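*Asks:* any chance you could fold what I've pasted below:
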Amino acid sequence: MTSKNLQCFCCKEYGHIAANCPKKYCSYCKKGHIIKECRIRPQNRQVQAFQTSVIVHSATISVAHGSSSGASSNLAPPAATYCTPEMVQQIVIVALSAMGFQGPSNEGANREGT
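*Replies:* The predicted structure follows:
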């Protein structure tokens with residue numbers, strides 16, 4: 001098969017394949033780039049990091065470190081000031097477990113009592 005017989009599935013012209021197509025065309029957003037480079041395609045979007053702030057009261061610090069003074073000055077700042085969706089999920093699971101809610105058990109019983 002010669003290159004003249006090859007048809008590009010992207011632009012439908014002959015003589016090249018889509019990987020070498022000079023006419024870049026995104027089939028998702030219909031703009032001038034290939035779909036792998038599409039920024040609005042869901043698989044290519046940047047993951048949104050959720051942010052939160054942590055407030056530590058000086059009484060908590062002094063009790064935790066055995067200090068009788070106010071806040072201790074040798075504490076390192078928190079390593080990260082953001083929460084990922086996985087961190088939020090873990091916080092929710094721990095909070096629900098502390099309140100007595102638990103996921104389905106592996107004992108074969110379900111919520112209907114069978």
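*Asks:* element containing residue 101, please.
*Replies:* Under DSSP states H and E, no helix or strand contains residue 101.
*Asks:* state the distance from it to residue 4.
*Replies:* Distance from residue 101 to residue 4, counting by Cβ to Cβ, to the nearest Å: 67 Å. C-beta here means a position set from N, CA and C on the backbone, and glycine is covered the same way.
*Asks:* okay, now the unreliable bits of this protein?
*Replies:* 1, 43-81, 104-114 (pLDDT under 70).
*Asks:* do a quick rundown of the helices in it.
*Replies:* Counting by DSSP state H, the segments of the chain that form helices are 58-64, 85-98.
*Asks:* next, count neighbours for residue 10.
*Replies:* 19 (other Cβ atoms under 10 Å).
*Asks:* would you enumerate the residues in contact with the closest residue to it other than its chain neighbours?
*Replies:* Spatial nearest neighbour of residue 10, chain neighbours left out: residue 18 (4.2 Å); criterion: Cβ to Cβ, 6 or more residues apart in numbering. For residue 18, the contacting residues are 8, 9, 10, by Cβ atoms under 8 Å, 6 or more residues apart in numbering.
*Asks:* dump the residues you listed into JSON lines; add distance to residue 41 as well.
*Replies:* JSON lines is the format used below for those (distance: Cβ to Cβ, whole Å):
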{"residue": "8", "distance to residue 41": "21"}
{"residue": "9", "distance to residue 41": "18"}
{"residue": "10", "distance to residue 41": "16"}
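*Asks:* between these, which sits nearest residue 36?
*Replies:* Of all those, residue 36 sits closest to residue 10, with 12.1 Å by Cβ to Cβ.
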